[in-house]
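Engineer: quick one: sequence plus predicted model below, questions after.
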Amino acid sequence: MSRTVPPIVAAYPSGRPRRLRRTPGLRALVAETVLTPADLIWPIFVTDVPGADVEVASMPGVRRLTVEGAVRAAERAAELAIPALCLFPFTDPARRTEACAEAWDPENITNRAIRAIKAAVPEVMVMTDIALDPYNINGHDGLVRDGVIVNDETVEALVRMALAQADAGADILGPSDMMDGRIGAMRAALEAAGHKEVAILSYAAKFASGFYGPFRDAVGASGRLVGDKKTYQIDPGNAEEALRAVARDLAEGADMVMVKPGMPYLDICRQVKDGFRVPVFAYQVSGEYAMLEGAIRNGWLDRKVVAETLVGFKRAGCDGVLTYYAPEVAEALRG
């Protein structure tokens, strides 16, 4: 559905749009897009590797957290009315293999963090990431056979990973792998295992972007990736393909869909919202964060631009945003 300018607009001087911009109260009264803490999901990095719970060099201000640190983050989220955290693991390199069995180990760092957070702060939802790259010795989201990322074997592995996370208490599963058929397979397995209430927020339109570099530093995948991810992530120029991917995931049982990255793909967010009328999220990814934070720390931009970018996501049709700025913005909104 297209948005059009209303056909009746009074001419000046009867029409003076500045009347409604005169005071903060008037501006708030007629605001079309409002950002609240309930619109935010806070991505955090968790680790059990000794000494790895440090600031990520390419993401100033973002630290990897221990399980105890993740619980404290959840407590802060509850205080700030942020409804959900999304967990990403930094795995011990010694436990990364071609088979990726660590991904569905009930005692891996993600599953232990899920249980700890839900025990301590049950009202905060826990979202997880489903992809093999943090556990894969070659940095890919899927299993690699003779240099090829194999689809169907990967889907089987991802289903095992999804069930382990659901067993641990995850509220929302976030398949970010972009393998064909994975949503349907996960939904069927969750239903069969009694996890009917676990939601799937599918990374349905995930593009083969250059904005993911700092994230790979954070999860320890930088330097491990062999080749690229263009055989499973979407070409940045392909909007119609992205819409087909969204339609497929919804048909297979996704409850919500995501566009990733965020700011360069706001047109896709709007098309998805207008075309499907389902809950739509975007991920303000690590490269977007690093770009903004670098400019802010150098004094080139005022920190107020962060909230402006998030309002832009909502105006483009997003129901929520995954952003590393979640606690900072929620604190500012509370103030």
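Structural biologist: In hand now; what should we look at?
Engineer: surely D48 touches L65?
Structural biologist: No - using C-beta atoms under 8 Å, D48 makes no contact with L65, being 10.3 Å away. In this view, the C-beta of every residue, glycine as well, is placed from N, C-alpha and C.
Engineer: which stretches of the stretch 101-250 of the chain form strands?
Structural biologist: 125-130, 144-145, 148-149, 172-175, 199-206 (DSSP state E, counting those that start in this stretch).
Engineer: make a markdown table from those and add distance to P236 to it.
Structural biologist: Formatted as a markdown table, the entries for these read as follows, by distance: least, C-beta to C-beta, whole Å:
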| stretch | distance to P236 |
| --- | --- |
| strand 125-130 | 21 |
| strand 144-145 | 23 |
| strand 148-149 | 19 |
| strand 172-175 | 20 |
| strand 199-206 | 11 |
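Engineer: wait, which of these is closest to E32?
Structural biologist: Closest approach to E32 among the strands of the stretch 101-250 of the chain (C-beta to C-beta): strand 199-206, 24.9 Å.
Engineer: what's that closest one packed up against?
Structural biologist: Packed against strand 199-206, as judged by 3 or more C-beta pairs under 8 Å, 6 or more residues apart in numbering; DSSP states H and E, are the following elements: strand 172-175, helix 182-192, helix 239-252, strand 256-260, helix 266-276.
Engineer: in PDB, could you pull the C-alpha coordinates for that strand?
Structural biologist: Output of strand 199-206 as PDB, limited to C-alpha atoms (Å, rounded to 0.1, in the frame of the first residue of the first chain):
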ATOM      1  CA  ALA A 199       8.700 -18.000  18.100                       C
ATOM      2  CA  ILE A 200      10.900 -17.800  15.000                       C
ATOM      3  CA  LEU A 201      12.200 -14.400  14.000                       C
ATOM      4  CA  SER A 202      13.700 -15.400  10.600                       C
ATOM      5  CA  TYR A 203      16.600 -13.500   9.000                       C
ATOM      6  CA  ALA A 204      14.600 -13.800   5.900                       C
ATOM      7  CA  ALA A 205      16.300 -11.000   3.800                       C
ATOM      8  CA  LYS A 206      19.900 -11.200   4.800                       C
END
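Engineer: what's in contact with it?
Structural biologist: With contact meaning C-beta atoms under 8 Å, 6 or more residues apart in numbering, strand 199-206 is reached by 127, 171-178, 183, 186-187, 190, 233-234, 242-243, 245-246, 248-250, 253-260, 265, 268, 272, 281, 283.
Engineer: that strand - what's its average pLDDT?
Structural biologist: This predicted structure assigns strand 199-206 an average pLDDT of 98.
Engineer: angle of that strand against helix 239-252?
Structural biologist: Between the direction of strand 199-206 and that of helix 239-252, the angle (axes from the mean of the first three to the mean of the last three C-alpha atoms, to 10 degrees) works out to 160 degrees.
Engineer: just checking: what are the partner strands of strand 199-206?
Structural biologist: Using DSSP bridges, strand 199-206 pairs in its sheet with strand 172-175 (parallel), strand 256-260 (parallel).
Engineer: for the last one, what is the average pLDDT?
Structural biologist: The predicted model assigns strand 256-260 a mean pLDDT of 98.
Engineer: could you check the angle helix 182-192 makes with it?
Structural biologist: Inter-element angle recorded for strand 256-260 and helix 182-192: 150 degrees (by the same axes, to 10 degrees).
Engineer: that older thread, now distance to R72 too, for the strands paired with strand 199-206, in a markdown table please.
Structural biologist: Formatted as a markdown table, the strands paired with strand 199-206 follow (distance: least, C-beta to C-beta, whole Å):
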| stretch | distance to R72 |
| --- | --- |
| strand 172-175 | 21 |
| strand 256-260 | 26 |
